[in-house]
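Novice: predicted model and sequence follow; I will ask about them next.
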Amino acid sequence: MTFVEDVRSKAKGHWEAIFQRLDIPTNRGEGECPSCGGKTRYRFDDREGRGTYYCSHCGAGTGLDLVMKVNQCDARSAAEMVAGVMALPLPEPKPAREKPQPNIAIADKVAVLVAKTVSGESQYLHNKGLPSPSNALLSDGSLLLILQAMDGTTIGAQVINPDGSKRLLAGTTKKGSFIPVRLQSPTEDEQPVTVLIAEGYATGVTVSLLDDGVVLAALDEGNLIHVAKVCRERWPLAKIIIAADNDWHESGECDEKGKLKLNIGVISAEKAAISVSGWVATPPTHHKADWDDYRQQNGTEATTRAFTESLYQPKGAKMKATVTAIHNDKNSRPALSQMAASQRGELLAERYGQITVNPESETVYRYNGERWEKVPDSELQREMVAIFNENETPYSPTGIKNAIEAMKLQVPVMTTQPRYLIGFKNGVYDLRENAFRAHKPEDWLLNHNGITFTQPLAANECLEVHASNFYKWLSHAAGRDAGKMERIKAGLFMVLANRYDWQLFLEITGEGGSGKSVFTHIATLLTGEHNTASGNMAALDSARGRAQFVGKSLILLPDQSKYVGEGTGIKAITGGDLLEIDGKYEKQFSIILQSVVLATNNEPMNFTERQGGIARRRVIFSFNNPVSDDEKDPLLSEKISVELPVIIRHLLTEFASQDKAKLLLLEQRNSDEALEVKRGTDPVIDLCAALYFMSEARGLLMGGGKSIESEPKKYLYHLYKEFLEFQGLGKPLAVTSFGKAMKNAANEYGKEYKTREINGRKQTNVGLTEKVNGFLPHVWGLDTPD
């Protein structure tokens with residue numbers, strides 16, 4: 001009996017369970033065909049236990065036939081998959097080559113040398129100003145360094161003479177071996193967070209002063225990739241950093257053979273990083289240097305900052321998932337074809353390292369060392385296919401989908417970013433501690449502003465001297481008003497700190513050329529262009545329109561045309577309401593948009609909402625000082641961009657107490673400047689400037705109805721209509737709506753609108769000032785009931 005026939009025979013009566021393990025549907029009624037995809041064509045009938053099925057499009061067959069169709073493979077491959085599920089023995093593979101035995105001789109040679117060493121300080125490291133982690137010195141003062149494999153086996157040694165010359169002990173196996181500079185011994189559950197790999201030993205010692213992770217020396221650039229791979233196998237979740245040598249050369253420079261020079265140190269480091277989904281740190285020099293050279297030239301503190309700031313992940317850096325071959329060790333993994341969807345999901349999760357899932361949108365995110373970035377389902381599908389291909393295993397679309405869905409159920413659930421953190425490219429600023437520190441996964445940053453945070457250039461750093469272009473713009477936009485300058489800076493701090501939870505939005509209005517676009521430019525720099533989305537008021541009101549703002553820190557509404565409306569969307573966003581999101585090709589979900597909203601316009605927005613919701617949130621800045629043509633600087637925005645680190649440090653220092661910024665914005669919200677803008681958009685608010693409010697409702701009657709004679713000095717509603725006619729405005733509000741508008745308008749002036757019923761009529765607490773004579777053409781009676 002052949003292998004295929006044997007599998008077919010032993011699978012009889014078990015096909016339903018086999019199909020379930022292979023992600024093939026076993027519905028007895030009509031459903032989607034796993035082979036051709038037909039929606040109502042397929043059913044599993046399993047006649048005589050042979051796994052039979054029927055599809056009206058692609059025909060009928062037995063269980064093995066269906067496995068072949070779904071996985072597009074031959075009978076033998078299908079039989080192997082079924083055998084794997086049933087744990088049947090597979091055909092005997094060709095005998096693998098025996099692994100060479102450890103080099104016993106080299107271990108003995110190293111042991112003999114170690115026995116001859118004495119403890120002392122290496123002159124080689126001392127000359128570089130470095131400590132000596134290894135004190136094993138030979139009789140001539142040379143430093144003896146032992147090379148080992150990841151399992152601790154000694155496989156060679158390097159000798160470094162006091163003058164820096166180096167040699168390997170004869171018989172040393174270099175590939176994949178390393179010199180441990182700092183090698184902890186974590187348990188299986190306690191893996192190192194960071195592993196750093198340098199070329200040379202001195203560079204490794206320097207790197208150990210810059211980071212507290214495991215540090216290994218790979219001897220040369222060619223061995224970086226091999227050491228990186230054994231590290232990834234040993235520590236699958238660690239962040240692996242390759243400390244590259246910068247083999248810098250002039251552009252177009254050739255070697256002695258006439259060939260263009262290459263930066264071999266960086267190229268080799270990037271190849272190693274790509275192979276293990278790692279990171280690269282390269283000395284920021286314009287001359288040939290390693291990190292030890294950089295430390296000697298700049299000091300340890302500056303080198304630590306430069307090392308952190310230089311970190312990047314080369315494109316294409318992803319982990320490769322491998323599957324352990326089938327054997328009887330119960331702790332090993334089964335073959336990929338034998339795995340359930342949950343086990344395949346585990347493989348996919350390992351490929352990405354640190355990942356999480358948003359429970360609302362079911363979107364997966366991976367940690368890239370700086371922030372959590374979104375991983376689309378389409379990418380997850382391609383990576384799962386790559387795992388199958390790498391393990392030479394057939395797959396089906398259903399199997400791919402099930403593995404991804406299973407993975408989403410396994411990985412940790414994402415939580416929200418703490419409000420006290422501001423994300424930068426090289427770390428976070430903690431507003432509670434008023435201190436800067438490195439990134440951590442548990443910061444849960446979805447984005448950062450892309451800016452490298454730096455320390456002050458001078459002890460007495462100030463805007464006037466060190467950010468003169470920004471200061472020039474600020475003072476002009478504020479009309480040289482020191483108070484308004486502080487309030488504008490408070491608005492910029494709100495953007496920088498992403499204080500969407502203050503439930504405010506900014507509206508910058510005024511004449512063209514007065515600095516509105518510069519404010520927008522600075523705000524975009526503070527939050528990062530990749531964290532900024534631009535739209536309009538209509539987009540805020542719809543679930544589909546809001547999809548573009550998910551994950552953004554700043555929503556810009558630039559150059560808004562004259563807007564008249566309720567402002568439902570902007571009120572919901574700034575109010576922290578749960579909003580429906582309908583992204584194209586994505587599952588519909590609800591989310592709180594953690595975004596500051598900034599609108600700019602020449603004509604202020606006209607909100608018809610009368611409940612005070614918009615008024616409580618709207619912070620208006622009026623920019624009405626256009627720059628003259630002879631003072632315009634077309635490069636002003638670019639100049640301010642260069643000053644950004646100074647601006648950021650100033651804002652963080654100025655508003656170390658964040659409540660100060662919020663109070664300044666509330667002051668601006670209630671300012672005469674903001675009220676003047678609102679008067680220009682709302683005739684009821686404008687009318688109230690000619691009125692006063694009493695403590696009791698003993699003022700004008702409300703009026704209304706179809707009275708033939710208008711008495712605007714007796715009836716408030718008549719006064720309102722006279723005011724509209726004088727201003728040449730349109731249709732008046734209905735009496736009830738006008739009453740609500742009066743209540744809202746009184747609040748804008750810090751007053752309270754009151755009414756009472758008297759003799760069947762409504763009396764208000766509103767009185768007239770002399771200002772009404774400016775729009776009333778006649779003298780009217782002033783009689784009002786007591």
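Specialist: Okay, I see it. Residues are numbered from 1 along each chain as shown.

Novice: what residue ranges in the stretch 1-150 of the chain score low on pLDDT?
Specialist: Applying pLDDT under 70 to the predicted model, the residue ranges of the stretch 1-150 of the chain that meet it are 1, 37-41, 87-104.

Novice: for residue 584, see how far away the closest residue to residue 266 other than its chain neighbours is.
Specialist: Of all residues beyond its chain neighbours, the one nearest residue 266 is residue 244 (5.1 Å), with distances taken as C-beta to C-beta, 6 or more residues apart in numbering. The way it works is simple: take the backbone N, C-alpha and C, and place the C-beta from them, glycine included. Taking C-beta to C-beta, to the nearest Å as the criterion, residue 244 is separated from residue 584 by 41 Å.

Novice: residue 478 touches residue 489, doesn't it?
Specialist: No: taking contact to mean C-beta atoms under 8 Å, the distance of 9.5 Å between residue 478 and residue 489 leaves them out of contact.

Novice: check contacts around the closest residue to residue 462 other than its chain neighbours.
Specialist: Among residues not flanking residue 462 along the chain, residue 650 sits closest, at 7.7 Å (C-beta to C-beta, 6+ apart). Going by C-beta atoms under 8 Å, 6 or more residues apart in numbering, residue 650 touches 461, 462, 463, 467, 489.

Novice: residue 650 - that's part of a helix, no?
Specialist: Yes: the assignment for residue 650, made by DSSP: H, G, I helix; E, B strand; the rest coil, places it in a helix.

Novice: mind checking pLDDT for it?
Specialist: Confidence per residue is given as pLDDT, and for residue 650 that number is 93.

Novice: distance of it from residue 171?
Specialist: Using C-beta to C-beta, we find residue 650 at a distance of 62 Å from residue 171.

Novice: next: residue 271.
Specialist: With the distance defined as C-beta to C-beta, residue 271 ends up 28 Å from residue 171.

Novice: neighbour-wise, which of those two wins?
Specialist: residue 271 (18 against 15; other C-beta atoms under 10 Å).

Novice: could you check the pLDDT of the more buried one?
Specialist: We note a pLDDT of 91 for residue 271 in this prediction.

Novice: spatially nearest residue to it (excluding sequence neighbours)?
Specialist: In space, and not counting its chain neighbours, residue 271 is closest to residue 225: 5.5 Å by C-beta to C-beta, 6+ apart.

Novice: so for residue 244 and residue 584, which residue has more residues nearby?
Specialist: Taking residue 244 and residue 584 together and counting by other C-beta under 10 Å, residue 244 has the greater number of neighbours (29 against 7).

Novice: sorry, back to before: mind checking which of the contacts of residue 650 are buried?
Specialist: 461, 463, 467, 489 (16 or more other C-beta atoms under 10 Å).

Novice: for residue 252, state which of those residues is nearest.
Specialist: Nearest to residue 252 out of the buried ones among the contacts of residue 650 is residue 467 (C-beta to C-beta; 38.0 Å).

Novice: among the buried ones among the contacts of residue 650, which lie within helices?
Specialist: 463, 489 (DSSP state H).

Novice: closest one of the buried ones among the contacts of residue 650 to residue 677?
Specialist: residue 489 (20.1 Å).

Novice: now the closest one: how far from residue 183?
Specialist: Residue 489 sits 50 Å away from residue 183, going by C-beta to C-beta.

Novice: show me where the stretch 201-350 of the chain has helices.
Specialist: With helices called from DSSP state H, counting those that start in this stretch, the stretch 201-350 of the chain shows them at 201-210, 224-234, 264-276, 291-298, 300-310, 341-352.

Novice: so what touches stretch 143-161?
Specialist: Contacting residues not belonging to stretch 143-161 are listed as 102-103, 106-107, 110-111, 113-114, 117, 122, 124-125, 132, 134, 136-138, 140-142, 166-169, 171-174, 176-180, 201, 217, 219, 230-231, 233-234 [C-beta under 8 Å, 6+ apart].

Novice: at 6 Å instead, please
Specialist: When contacts are defined by C-beta atoms under 6 Å, 6 or more residues apart in numbering, stretch 143-161 is touched by residues 102, 106-107, 110, 113, 117, 122, 124, 134, 136, 138, 142, 166-169, 172-173, 177, 179, 201, 230, 234.

Novice: cool, stretch 529-548 as well?
Specialist: So stretch 529-548 is contacted by 447, 524, 549, 552-557, 563, 568-570, 579-583 (C-beta under 6 Å, 6+ apart).

Novice: can you give me the end-to-end span of it?
Specialist: For stretch 529-548, the first and last residues are 14 Å from each other (C-alpha to C-alpha, to the nearest Å).

Novice: what's the answer for stretch 176-193, then?
Specialist: Per C-alpha to C-alpha, stretch 176-193 runs 21 Å from first to last residue.

Novice: and that stretch, what's its mean pLDDT?
Specialist: Rounded mean pLDDT across stretch 176-193 is 74.

Novice: that older thread, looking at the helices of the stretch 201-350 of the chain, which is closest to residue 691?
Specialist: Of all these, the one in closest proximity to residue 691, counting by C-beta to C-beta, is helix 300-310 (60.3 Å).

Novice: and the closest one, what's buried?
Specialist: 303, 305, 306, 307, 308, 309, 310.

Novice: among those residues, which one sits closest to residue 416?
Specialist: Among these, residue 308 lies closest to residue 416 (C-beta to C-beta), at 25.3 Å.

Novice: roughly how far apart are that closest one and residue 370?
Specialist: As defined by C-beta to C-beta, residue 308 lies at a distance of 11 Å from residue 370.

Novice: can I get the helices of the stretch 201-350 of the chain in a markdown table including distance to residue 591?
Specialist: Output for those, formatted as a markdown table (distance: least, C-beta to C-beta, whole Å):
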| stretch | distance to residue 591 |
| --- | --- |
| helix 201-210 | 39 |
| helix 224-234 | 35 |
| helix 264-276 | 34 |
| helix 291-298 | 43 |
| helix 300-310 | 32 |
| helix 341-352 | 23 |
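
Novice: returning to that earlier point: in helices only, show me the contacts of stretch 529-548.
Specialist: With helices identified by DSSP H, the entries of the contacts of stretch 529-548 that belong to them are 524, 568, 569, 570.

Novice: top of those by neighbour count?
Specialist: If you count neighbours using other C-beta under 10 Å, the busiest of those is residue 570, which has 27 neighbours.

Novice: now it: how far from residue 533?
Specialist: Residue 570 sits 14 Å away from residue 533, going by C-beta to C-beta.

Novice: alright, calling it a day.
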